[in-house]
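Asker: Provide a 3D model corresponding to the input given below.
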Amino acid sequence: MLLAIDIGNTDAVFGFFENEKLLKVCRISAPKEESSLLYYDYRFRNYLLENGLHSVVFEKVVISSVVPVLTDLFVQIAANFTSRRPIVISSDSYDKVKVLIDNPQELGSDLFANAVAAYDKYAHKCIIVDFGTALTFTVVSDNAEVLGVAIAPGLKTAMNSLFSKTAQLPEVPLELPAKVIGTNSIHSIQSGILFGYEGLVRNMLKCIKAELGGNCKVIATGGLSSIIKALNDEFDETDRNLTLNGIRIIGENYL
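Answerer: Next up, the predicted model:
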């Protein structure tokens, strides 16, 4: 069994693979104030125990991390469950997809994994829209080249910024209201964020497609990828586990 770990700013996500099949996904929240080995080790071991996986020895553990302070910590945790040293991937860990941005090391390993998984599936130019802590648009050419990325604040990031800067606004759930014109604080915030982001995504895709020229595939991923259902017509596929699959592919072909 292969264990793929995606360490993000909001969550650490663990994918359990048997060959190419994703069997289970474990998500552990990654609060900013919590960076102790004990916290994550306990949460992960508890998940293994509850799911009957406590006796598994993983053939390979592959880690993508965009949180440097947590990278070594997860390497320590993962080392307890594999006979090999855990693999920490970067944008040069897989030679079938090239990175053509000015500084390839600036590309997050999660976005690289997205590009790898999308191109592996479609072998075609594509745009990967990742609804995470940041909203990202990763562009891949017909020749398996990452051409660049566009980045905006994520849905929750934008909403949280309202609460942190505006004392009288309430915290609200990420749910699409019935009307654009809000008649109370909650609906007003929901409308501004969710209808606003629908327009943002549509316009970004329009502009990127114009620069790319020709037809391309559009794949949505990330924990919030299904929140704005009106965008479904923009996507050829929504795959919440795209990053984990990319991590797996890179790990299986690690140089």
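
Asker: Helices of the stretch 151-255 of the chain, start to end?
Answerer: 155-165, 185-190, 196-212, 242-252 (DSSP state H, counting those that start in this stretch).

Asker: Who are the contact partners of Tyr119?
Answerer: Contact analysis of Tyr119 by CB atoms under 8 Å, 6 or more residues apart in numbering lists Lys96, Val97, Cys126, Val140, Ala144. Every residue, glycine included, has its C-beta placed from N, CA and C.

Asker: Identify the farthest-apart pair in these.
Answerer: Taking every pair in those and measuring CB to CB, the maximum separation is 14.5 Å, between Lys96 and Cys126.

Asker: Tell me if Leu135 really is in a helix.
Answerer: No: if the criterion is DSSP: H, G, I helix; E, B strand; the rest coil, then Leu135 is strand and not within a helix.

Asker: now the stretch 51-200 of the chain, which segments are flagged as low pLDDT?
Answerer: Filtered on pLDDT under 70, the stretch 51-200 of the chain yields the residue ranges 163-171.

Asker: Can you show me the strands along it?
Answerer: Under the criterion DSSP state E, counting those that start in this stretch, the stretch 51-200 of the chain contains strands at 60-65, 87-88, 98-99, 126-131, 134-140, 145-153.

Asker: In TSV: those, plus mean neighbour count and distance to Phe74.
Answerer: Shown next, in TSV, are the strands of the stretch 51-200 of the chain (neighbours: other CB atoms under 10 Å; distance: least, CB to CB, whole Å):
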stretch	mean neighbour count	distance to Phe74
strand 60-65	25	6
strand 87-88	20	9
strand 98-99	18	23
strand 126-131	25	20
strand 134-140	22	21
strand 145-153	17	24
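
Asker: picking that back up, and Ser55, which of the helices of the stretch 151-255 of the chain is closest to it?
Answerer: Closest of the helices of the stretch 151-255 of the chain to Ser55 is helix 242-252, at 21.7 Å (criterion: CB to CB).
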